[in-house]
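Visitor: this is a predicted model, with the sequence first.
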Amino acid sequence: MAAREGMIRRISGSTTIHLLLIISSLTMLMPFVWMLATSFRDTMEITREPYGFVPQIFAPGFGDVGTPTEGQTLSISRIFANYIEAWQSAPFGRYFLNTIFVALSCVVGVVVTSALAAYAFARMEFKGRDIIFMVFLAMMMVPEPVYLVPSFIIMARLHWLDTYYALIVPWTVKVFSIFLLRQHFKTIPQDLFDAATIDGASRFKVLWTIVMPLSRAILVTIVIFTIIGSWNSFLWPLVMTHSPEMRPIQIGLAAFSQEEGTEYGLMMAATTLSVVPLLILYFFAQKQIISSMASSGLKE
Amino acid sequence: MSQELSPQQLRQRMQRRKRLDVASALLYILPAAAIVFTFRLVPILAAFTFSFFEIKMGALVGYVGLGHYLKLFQDPTFWHSLSTTLWFVLGTVPPAIFASLFFAMLLNQKIRALGLYRMIYFIPVVTSMVAVAVIWKWILEPEIGILNYLLEGLGAGRLGWLSESRGIFQMMAGSIGINLPDWAGGPSLALISLALVNTWKGLGYNIVIFLAGLQNIPQQQYEAARIDGAGSWQLFRYVTWPMLSPTTFYVFIMSTIVSFQTFSLVYLMTSPPGGPEDSTKVLVYYLFDKGFTPPASLGRASAVALVLFIIILTLTIVQRRVAEKRVHY
Amino acid sequence: MKRALFLLPILAILLGSCAPGPSEDEVIFWHAMGRWEPALLELVDEFNELHPDMPVRAYNMSRYQALSQKIIAAVAAGQPPTISQAYEAWTNEMRAADIIERLEDRARGEFGLADGDWEDIHQVYLDECRDEEGKLWSFPFNKSVRTLFLNRDFFRSKGFDPDKPPTNWDEWRDMSLAMTADLDGDGRNDHWGTTGRNSVTIFGNLLLQNGGDFFSADGKKSSIAEPEGVEAMEYMWEMFGSRKMGYSTFDYAYQNEFKAGRVGMMESSSVSLSFLRGTISFDLGVAPLPGRKENIALIQGTNLVIFKKATEKQKATAWEFIKFLTSTENATRWSLASGYAPLRKSCMDQPSMRALLDEVPGLEASYEQLLTARSEPSNAAWFAGRKYLEEGAIQRVMRGKADPGEALRKTAKKINNEIESEF
């Protein structure tokens, strides 16, 4: 009897939880649904009737006599008209390639620099260690617009303006990644290091063969967040590049959002194109991210 | 053992070893340090140097000493952006913490479709600010935006959202017939709209961190408390909350730092930039405006930067001090 | 003080005043013509065929905001472009910072403009590019004039003749009032007479039309708070702020309802023509702005400047490029492709332009406003003052938070302080 009551309570409790979760996740999703819906509507349709989650091409009666779409026929190119137009209106293929190349290069850089630095900060004793680490952390407190112009000057001196170097090299260090890895390295028991060192392994070897594999989950997190950061950066590439061959996806996207005469359908199609790759990436990595956050020990 | 080392030899060897250690440690941090030095520290120090000079449209005009700082403190817009920034931080940090903790607790149970929910909450995190701005501007549009349309359908009034410069306290008081003066109006609805979008965007990230924190709490603690007859509120109050305090503190510090630095949200979402009547002009945007809108004064912008840096640094230190006393490890 | 002075040489090196300039064998042209880039590139390519030894390379910054950021960073790094689009507010600052060339010397020199050109290019454009001494510092390129767009079908449905748009303030108000309607009785208007953007430009038009001006004749006092200005602001409130006959927004959203066919008239820049065509399904017309004591409309858009840092050969080619872009034939092509207003009077006689003028009712009359048009003042006091006017007066009055007269008087006072601090 008591067990049954408990079960009922549990069931109704979990129904409430589900209800809360469903409502809130719908709220979270609503903007994206709206984005998708708008991306399938043409400008005339949007100006005529701005509200409507169902684009006219998907609505029953498309092309019927007496409707605004009279005589039109449905085809793949008609359905994806905005996507096709958005893709063709700018060198998006090139933008995507640039973005992917820059993101991957940053990932390599960030993993290498963070692993080395975090290892030193976590497991080595040397004078000035804590001060250097503090300086690193302080860098996180300075917003990007502050160092934009001096950085531009440095890039100009290096003749790096409008090159991949400008987009990659300064972003091959992420202080936050060093911080995360350092926290993690600190949790690895000293015995492991001692054992390896007795076996004659050099420090470097210990790092790559023992420590790094133990840090897989957190490395995945770092990789994902580096990709997200690089993929979504806007102000930096805007200022550091000027030819279309060098520009990444976000700049192409921002060009759709003109002050005057914004074409919402096109803009939403382009936005969708820019968001989807990262969503796919996240979908495959989400388990790792969550478990690594748990194991990273976000406590001192 | 004739090869026994004399104490002196031993000391020498130890010292050599230590020196080698230091050298190798420095080698390990060299790549990161070189980049941080060249592409962060030098530019930042250069920016701070700029603050003693007048640099207009990028061209050096002359030395002004502390002139920029004096002018800055006399500029009412500066004080206005400082208070706007504080409102923004207040409007994002506590709601973000409580909302994400709430959802993390909901998700920290054995329920079906957990992965799907987590995925959904995380979508805004991976979405770029450019995309977020595009989508939300379209949603919040006062005349043809979907949100006002839905509100109207529910029988509520339309709101100006991003173009509303009136303070929210003023609006709330106004709706029940009380007239509040401008100074007591509170943050503008435009700013609160930005704070909402910001919270929406960051929610998934904080949820994941809280989830991680929750999963680190040993189950025995709950069981022990349950045996003592604790109800669900007491479980939260005496187990979850204290055990979670390092995570909460971490989220608190990080989101404070990040929201003090808010820039692209304002840059991409508000028009006129800085919002109606400057009501969304947070400090970093003010800095950007001073430096990049003609008559662009990089010197003045850099002075703002230094002040902002000091504010953030002080806050972080204070937060740490407080936390050392309060946070349960 | 002394210690800080020793920083100066370091800063000078860092800031690139003695750094080598960028590439010297091409003319680097920065622009923000995002959506019209193809049309501009077509002209650039043609120019390059004529000048293979020193080609022009055009870089699209897509927005003015990005363009000004790039210019500032590039000047700081000692690597400005050769030629760039610039608003007069920028030109003014760049002139003060001594980084751009005075174009008067080139325009009057050996390879200068022909005598006829000085008359043919609309005076209002050239005047905007001149300094206090009447010398040219920039050259007009993409210009527009404020105008009224009409939904001719809407006019007919409301019983008005679309060929008789309002010609003065009273007609404008009466017509707008008659067109505004709350169709479903929910307390919100569904049809509107006029929409527009809350801007200094609308106020400026009304101020000048009402016989007022931005500054007193000697230039030492702001005259926006004179009775003509107060009347202008009151009229602006009535037309747009009170929401009885029209409405305005602070961004470009005001165009949405017009495009949707629920508004009779829209106050906008003539370049909006190119944004409207192809997105609307009604009969579109254009008309000059209604006047009061005078018929005046303001011009807008950017001009071209040449940076000092470039080599003489680059600068000479850049000047050739400017002349090329602004010839009657090319200016007409640019105008047709982009929707910007014709640069020269002679553009109106080009057959291709005639075709457009015949196609869009009222466009010719709208462009003829250029003969009497004005530009905003281009002194530093105004660029500061413009912001005060926008933020302190227009935004507050249009939200019903301030009285027009009082807000304008406060703003005028601030502008006067600005003038005093300059002298």
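Guide: Looks like it arrived, so ask away. Computed from a predicted structure; not experimentally measured.
Visitor: please, which helix or strand holds the closest residue to B:A46 other than its chain neighbours?
Guide: Nearest residue to B:A46 in three dimensions, chain neighbours excluded: A:P150, at 3.9 Å (C-beta to C-beta, 6 or more residues apart in numbering or on different chains). Yep, even glycine has a C-beta here, placed from its N, CA and C like the rest. When secondary structure is defined by DSSP states H and E, A:P150 falls within helix A:144-157.
Visitor: so which elements touch that helix?
Guide: Helix A:144-157 sits against helix A:235-240, helix B:42-50, helix B:283-292, helix B:298-326, helix C:7-15, helix C:64-76, with contacts defined as 3 or more C-beta pairs under 8 Å, 6 or more residues apart in numbering or on different chains; DSSP states H and E.
Visitor: would you mind measuring from whatever residue of the stretch 101-250 of chain A ends up closest to chain C to chain B?
Guide: Closest approach of the stretch 101-250 of chain A to chain C (C-beta to the nearest C-beta) occurs at A:A156, with a separation of 3.6 Å. For A:A156, the distance to chain B equals 11 Å [C-beta to the nearest C-beta, to the nearest Å].
Visitor: can you count the residues close to the closest residue to that residue other than its chain neighbours?
Guide: In space, not counting the residues next to it along the chain, A:A156 is nearest to C:A77; the distance is 3.6 Å by C-beta to C-beta, 6+ apart. Neighbour count of C:A77, defined by other C-beta atoms under 10 Å in any protein chain shown: 24.
Visitor: isn't C:A77 right next to A:L148, touching?
Guide: No. The pair formed by C:A77 and A:L148 falls short of the contact definition of C-beta atoms under 8 Å, at 11.5 Å.
Visitor: mutual contacts of those two, please.
Guide: Common neighbours of C:A77 and A:L148, counting by C-beta atoms under 8 Å, 6 or more residues apart in numbering or on different chains, are absent.
Visitor: so where's the chain shaky on pLDDT?
Guide: Answering for chain A, as no chain was given. Along chain A, segments meeting pLDDT under 70 span A:1-13, A:66, A:68-69, A:71, A:258-259, A:261, A:293-300.
Visitor: think we crossed wires, I meant chain B
Guide: Across chain B, the stretches falling below the confidence threshold (pLDDT under 70) are B:1-5, B:14, B:17-20, B:326-329.
Visitor: what residues does it put near chain C?
Guide: By C-beta under 8 Å from any C-beta of the partner chain, the residues of chain B that approach chain C are B:46, B:49-50, B:52-53, B:55-61, B:63, B:65, B:141-144, B:158, B:163, B:165-166, B:182, B:271-273, B:276-278, B:291-296, B:298.
Visitor: and the lengthiest helix in chain B with helix B:283-292, angle?
Guide: Among the segments of chain B that qualify as a helix by DSSP state H, the longest is helix B:76-107. The directions of helix B:76-107 and helix B:283-292 differ by 140 degrees, with axes from the mean of the first three to the mean of the last three C-alpha atoms, to 10 degrees as the criterion.
Visitor: just the buried positions in helix B:76-107, please.
Guide: Neighbour counts using 16 or more other C-beta atoms under 10 Å in any protein chain shown place B:77-78, B:81-82, B:84-85, B:87-89, B:91-93, B:96-97, B:99-101, B:103-107 of helix B:76-107 among the buried residues.
Visitor: and for stretch C:205-216?
Guide: Counting neighbours by 16+ other C-beta under 10 Å, one finds that the buried residues in stretch C:205-216 are C:N205, C:L206, C:L207, C:L208, C:Q209, C:N210, C:G212, C:D213, C:F214, C:F215.
Visitor: count of neighbours near the closest residue to chain C within the stretch 1-150 of chain B?
Guide: Nearest residue of the stretch 1-150 of chain B to chain C (C-beta to the nearest C-beta) works out as B:G58 at 3.0 Å. Summarising burial for B:G58: neighbours were counted as other C-beta under 10 Å, giving 28.
Visitor: give the next helix or strand downstream of the helix holding A:P150.
Guide: Following helix A:144-157 in sequence, per DSSP H and E, is helix A:164-168.
Visitor: that next one - contacts with which helices or strands?
Guide: Applying 3+ C-beta pairs under 8 Å, 6+ apart, we find helix A:164-168 packed against helix A:92-123, helix A:235-240.
Visitor: next one, pLDDT for the residue of the stretch 151-300 of chain C found nearest chain A please.
Guide: Of all residues in the stretch 151-300 of chain C, C:F275 sits closest to chain A, at 3.1 Å by C-beta to the nearest C-beta. Here, the pLDDT recorded for C:F275 equals 87.
Visitor: what sits against the residue nearest the centre of chain A?
Guide: Averaging the C-alpha coordinates of chain A gives a centre point, and the residue nearest to it by C-alpha atoms, centre = their mean is A:I228 (2.0 Å). Contact analysis of A:I228 by C-beta under 8 Å, 6+ apart lists A:L278, B:V125, B:V126.
Visitor: kindly report the residues of the stretch 51-200 of chain C close to chain B.
Guide: Where proximity means C-beta under 8 Å from any C-beta, the interface of the stretch 51-200 of chain C facing chain B comprises C:65, C:68-69, C:71-77, C:80, C:87, C:89-90, C:92-94, C:96-99, C:188.
Visitor: ok so, going back, of all the helices and strands packed on helix A:144-157, which one is nearest C:T372?
Guide: Comparison of the helices and strands packed on helix A:144-157 against C:T372 by C-beta to C-beta identifies helix C:64-76 as nearest, at 27.0 Å.
Visitor: grab the nearest non-local neighbour of the residue in the stretch 301-423 of chain C that chain A sits nearest to.
Guide: Proximity of the stretch 301-423 of chain C to chain A (C-beta to the nearest C-beta) peaks at C:G339, 9.9 Å away. Closest residue to C:G339 in three dimensions, ignoring its sequence neighbours and counting by C-beta to C-beta, 6+ apart: C:S274, at 2.9 Å.
Visitor: and that neighbour, how far is that from C:V44?
Guide: As judged by C-beta to C-beta, to the nearest Å, C:S274 and C:V44 stand 20 Å apart.
Visitor: next one: A:P277
Guide: With distances defined as C-beta to C-beta, the gap from A:P277 to C:V44 amounts to 34 Å.
Visitor: which one of the two has more residues nearby?
Guide: Summary of the neighbour comparison: A:P277 and C:V44, criterion other C-beta under 10 Å, with C:V44 having more neighbours (21 against 17).
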